[in-house]
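[1] turn this into a structure:
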Amino acid sequence: MSILQQVQLRARLMSRELTEGEQPLLEAAAMAAMAELTQNLLDNVSPEDCGDNFITAAAMLALANMSQMGDGTGVEHLKVGDLTVSRHSGSTAASCLRFQAFVLMGPNLKPGVAFMGV
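    The predicted model follows:
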C-alpha cells in the first residue's frame, strides 16, 4: 500500500464516513498535506523515515484542509492519545488538527517551521 493510500485510509478512520463524491477531495487533500510535510522535512529525512507519524500527521492536515473547504466535510470528533477534537466550527477543528500534526512531526522538521496554536 502506498503512503498516499495509507494517509487516505488513516484520514477516513479519523473522520465521519465520507460520501463517494468526497473521495476525490480526500485524495487531493492528502496529496497536498503530504507535499506540505515533505517540503518541510529535514534534508536527511524522508517520509518513510518518519513512519506512522508522517501518515498520521498527513491525515490530520488533509482533514484540516477539507474542513475549511466550506462543504461540511471534515472531523466531527477525533481522539488521538490525549488529544480530543470535537467540531464546533471548521476553523477551530482545522487549527487544532494542523497544530497537532506539526507537533507530531516537530523533531523531523526544518528549523524555523512555524505553526500556530489554538
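[2] ranges for the strands of this structure?
    Under the criterion DSSP state E, strands of the chain are mapped to 77-80, 83-86.
[3] for this structure, which spans come out with low pLDDT?
    Residue ranges of the chain with pLDDT under 70: 70-91, 113-118.
[4] please, where are all the helices along it?
    3-14, 23-39, 47-50, 52-67, 90-105 (DSSP state H).
[5] which residues touch the second one?
    What it means is helix 23-39. If you take CB atoms under 8 Å, 6 or more residues apart in numbering as the criterion, helix 23-39 is touched by 3-4, 7-8, 11-12, 18, 47, 54, 57-63, 65-66, 69, 73, 101, 105. C-betas here are computed from N, CA, C, even on glycine.
[6] now do the spatially closest residue to Met69 that is not a sequence neighbour against Gly106, distance only.
    Computed as CB to CB, 6 or more residues apart in numbering, the closest residue to Met69 that is not its neighbour in sequence is Leu25, at 7.3 Å. From Leu25 across to Gly106, the span is 28 Å (CB to CB, to the nearest Å).
[7] the more surrounded of the two?
    Leu25 (17 against 12; other CB atoms under 10 Å).
[8] roughly how far does that one sit from Gln8?
    11 Å.
[9] likewise for Met69?
    16 Å.
[10] so the two - more neighbours on which side?
    A direct count of neighbours by other CB under 10 Å for Met69 and Gln8 places Gln8 higher, at 23 against 14.
[11] do you know how far that one is from Lys110?
    From Gln8 to Lys110 the distance is 26 Å (CB to CB).
[12] mind checking which of the contacts of helix 23-39 are buried?
    Taking 16 or more other CB atoms under 10 Å as the criterion, what is buried in the contacts of helix 23-39 is 7-8, 11-12, 18, 47, 54, 57-63, 65-66, 73, 101, 105.
[13] check the gap between Leu104 and Met14 for me.
    13 Å.
[14] for those two, list the residues in contact with both.
    Met60.
[15] now do the phi/psi pair for the residue sitting furthest away from the middle of the chain.
    Distance from the C-alpha centroid of the chain, by CA atoms, centre = their mean, peaks at Asn44 (22.0 Å). For Asn44, the backbone dihedrals (degrees, to the nearest 10) come out as phi -100, psi 10.
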